[in-house]
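1. only geometry, no sequence info:
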């Protein structure tokens, strides 16, 4: 056992050790702010490519690669390009990493900003800095000898869409481009092929622009040898040639739709209809945007058209259409209904349905039910109650039951559809579905026993399309779908 004195000395020694530890900690803490820390050292950014004084002809390359050595802790760089060795007034290109690629087209724009004329060669200086001023930059400045692209196309801009308006065929589309030094004439090329082979337009122009009218562009569409689609979108390419060189590295693309009308000629009868191109997912469907009005078969032979109350009549005009012996179909509907057809009386439909082949002109067909289902589905993707299809004049209240139609959407697809009516009991009259603000818009399909209705139905909330039984030889209106562009 320790004596009393020994225990006291032990306690003293422990106390002294504790005090020494405290004083040492306090001393370290008090001088911490006085310690000079070493600065964080990072190396300068070293340039890699392009090598110094390299010559680059933008007509001969697709892109230029700029590369440098990655710097520690730097996650963003600025590539500086200038027409002065002191890097004054630079064009700054932000780069997240190295290497950084600049397309020949973008490099051409940069060269233009730095004062190099089209087709000419000039010196451009370049270097790299970090995205933050506190981080390193390159001490090296390199130069490039850059030959700009020849003068570039200007209008129509890349990926422009042109839709030819049949009511404004004198409208001009301007094709323009930058001037080339010492050049007096240019060659405008338009083709359906990206390589500009088999050009549709190949014309000499003495200035830096020319204009083509809608009529000239439509002639190009109508030229069967060109193989363009009559109504659906055509992807075309254009460029300008000087001597044996093309201005743009790749031709500029644009989309062209022909005029949206169809002139149906049958013997001495000629009727012009509006056409609508409806997007259906990844494809397009071309619809006759009015009800058929012909009084002839596609052979030119006349249909029997002796009035609605003659049960032998194969057709009768909407102006005469009656709901009963004493009541006309509403005026607004008769104005857009076109012609009513008793399709069961057109041709021999006893063993197979033949009337569509007799009534539809070449390049067109009578729709199937599925076509109306697809049309309804497409319209319901953009509106609630098929407004984009509906002719506003036949929906004066903009109300169908408890459904409120949106005025600004009415007929925005230009389909001019209306509740023209028919019957299900074989009557001579338009007994059903022929009312203003009507629920059902009804049309013939490739059948003699059924018709399609586009409707708002409680069962489907917003509605859609379905088939309903058609009365024997009941009158009904007809639409068509174009098939000529599918070849």
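-> Received the coordinates, thanks. As the structure is a prediction and not an experimental result, all values here were calculated from the model.
2. tally of neighbours for residue 113?
-> Residue 113: 13 surrounding residues under other C-beta atoms under 10 Å. The C-beta positions use only the backbone N, C-alpha and C, and glycine is treated the same way.
3. measure the nearest residue to it once chain neighbours are set aside to residue 122 for me?
-> Nearest non-adjacent residue to residue 113, counting by C-beta to C-beta, 6 or more residues apart in numbering: residue 91, 5.6 Å away. Taken as C-beta to C-beta, to the nearest Å, the spacing of residue 91 relative to residue 122 amounts to 13 Å.
4. which residues are common contacts for the two?
-> residue 114 (C-beta atoms under 8 Å, 6 or more residues apart in numbering).
5. quick revisit: report the beta-bridge partners for the residue nearest to residue 113.
-> Counting by DSSP bridges, residue 91 forms beta bridges with residue 81.
6. Mind telling me what element the residue nearest the centre of the chain is part of?
-> By C-alpha atoms, centre = their mean, the chain has its centre lying nearest to residue 161, at 8.3 Å. Element membership of residue 161, judged by DSSP states H and E, is strand 160-163.
7. which secondary structure elements does that strand contact?
-> Judged by 3 or more C-beta pairs under 8 Å, 6 or more residues apart in numbering; DSSP states H and E, strand 160-163 is in contact with strand 252-257.
8. So which elements touch the following helix or strand past the strand it packs on?
-> Using DSSP H and E, the helix or strand that follows strand 252-257 towards the C-terminus is strand 261-266. Counting contacts by 3+ C-beta pairs under 8 Å, 6+ apart, strand 261-266 packs against strand 269-280.
9. For residue 177, see how far away residue 240 is.
-> Counting by C-beta to C-beta - residue 240 and residue 177 are separated by 5 Å.
10. where does the protein dip in pLDDT?
-> Across the chain, the ranges flagged by pLDDT under 70 are 1-43, 457-462, 487.
11. change it to 50
-> Scanning the chain for pLDDT under 50 picks out the ranges 1-2, 4-5, 7-8, 10-12, 15-16, 18-42, 459-460.
12. Tell me the helix or strand right after the strand holding residue 161.
-> Next element after strand 160-163 (DSSP H and E): strand 172-177.
13. Determine the set of other helices and strands touching that following strand.
-> Counting by 3+ C-beta pairs under 8 Å, 6+ apart, strand 172-177 packs on strand 153-155, strand 209-213, helix 214-222.
14. Provide the strand pairings for it, with the direction of each partner.
-> Sheet partners by DSSP bridges: for strand 172-177, these are strand 153-155 (antiparallel), strand 209-213 (antiparallel).
15. Which positions within the first one qualify as buried?
-> Read it as strand 153-155. Of the residues in strand 153-155, residue 153 count as buried by neighbour count, 16 or more other C-beta atoms under 10 Å.
16. now swap in stretch 464-481 and tell me
-> Going by 16+ other C-beta under 10 Å, stretch 464-481 has these buried residues: 464-466, 470-471, 473-481.
17. about what we covered before: which residues do residue 240 and residue 177 both contact?
-> Listed contacts common to residue 240 and residue 177 are 151, 153, 186, 247; contacts here mean C-beta under 8 Å, 6+ apart.
18. need the contact list for the second one.
-> This means residue 153. 175-177, 238-240, 247-248, 252 are the contacts of residue 153 under C-beta under 8 Å, 6+ apart.
19. Just the buried residues of those residues.
-> Looking at these with 16+ other C-beta under 10 Å, the buried ones turn out to be 175, 177, 238-240, 247-248, 252.
20. Most widely separated two among those?
-> Distances among the buried ones among the contacts of residue 153 were taken as C-beta to C-beta; the most separated pair is 175 and 248, at 12.7 Å.
21. I'd like the distance between residue 390 and residue 454.
-> From residue 390 to residue 454 the distance is 9 Å (C-beta to C-beta).
22. Compare neighbour counts for the two and give me the winner.
-> residue 390 (28 against 24).
23. Wait, the more buried one touches residue 412, no?
-> No - look at residue 390 against residue 412 with C-beta atoms under 8 Å: they stay out of range, at 9.7 Å.
24. Specify the local secondary structure of residue 379.
-> helix (DSSP: H, G, I helix; E, B strand; the rest coil).
25. What is the burial count for it?
-> Neighbour number of residue 379 under other C-beta under 10 Å is 27.
26. And for the one 10 residues further on?
-> Residues contacting residue 389 under the criterion other C-beta under 10 Å number 26.
27. Kindly confirm whether my reading is correct that it touches residue 379.
-> Yes - under the criterion of C-beta under 8 Å, residue 389 makes contact with residue 379 at 5.4 Å.
28. which neighbours do those two share?
-> In contact with both residue 389 and residue 379: residue 413, using C-beta under 8 Å, 6+ apart.
29. Give the buried residues for stretch 135-154.
-> Buried residues in stretch 135-154, counted by 16+ other C-beta under 10 Å: 135-138, 141-142, 144, 146-153.
30. Okay, helices next: where are they in the stretch 301-450 of the chain?
-> Listed in chain order, the helices of the stretch 301-450 of the chain (DSSP state H, counting those that start in this stretch) span 331-334, 355-359, 369-380.
31. could I get the ones you listed as TSV with distance to residue 87?
-> Shown next, in TSV, are the helices of the stretch 301-450 of the chain (distance: least, C-beta to C-beta, whole Å):
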stretch	distance to residue 87
helix 331-334	73
helix 355-359	74
helix 369-380	56
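32. So for residue 113, which of the ones you listed sits nearest?
-> Residue 113 lies closest to helix 369-380 among the helices of the stretch 301-450 of the chain, at 45.5 Å (C-beta to C-beta).
33. Now do that closest one: distance to the chain's middle.
-> 21 Å (C-alpha atoms, centre = their mean, to the nearest Å).
34. next one: stretch 348-358
-> For stretch 348-358 - counting by C-alpha atoms, centre = their mean - the centre lies 40 Å from the chain centre.
35. Show the end-to-end separation of that stretch, please.
-> With C-alpha to C-alpha, to the nearest Å applied, stretch 348-358 spans 10 Å between its terminal residues.
36. go on, stretch 198-218?
-> 18 Å.
37. what's the span of stretch 314-326, first residue to last?
-> 21 Å.
38. got the buried residues for it?
-> 314-318, 321-323.
39. same question, stretch 90-103
-> So, applying 16+ other C-beta under 10 Å, buried residues of stretch 90-103: 90-91, 93, 95, 98, 100, 102.
40. what's the farthest-apart pair in the buried residues of stretch 464-481?
-> Counting by C-beta to C-beta, the most remote pair of these is 464 and 473, 27.4 Å apart.
41. I'd say residue 425 and residue 469 touch.
-> No - Residue 425 is beyond contact range of residue 469, at 9.8 Å (criterion: C-beta under 8 Å).
42. Overlap of the contact sets of those two?
-> Contacts common to residue 425 and residue 469, judged by C-beta under 8 Å, 6+ apart, are absent.
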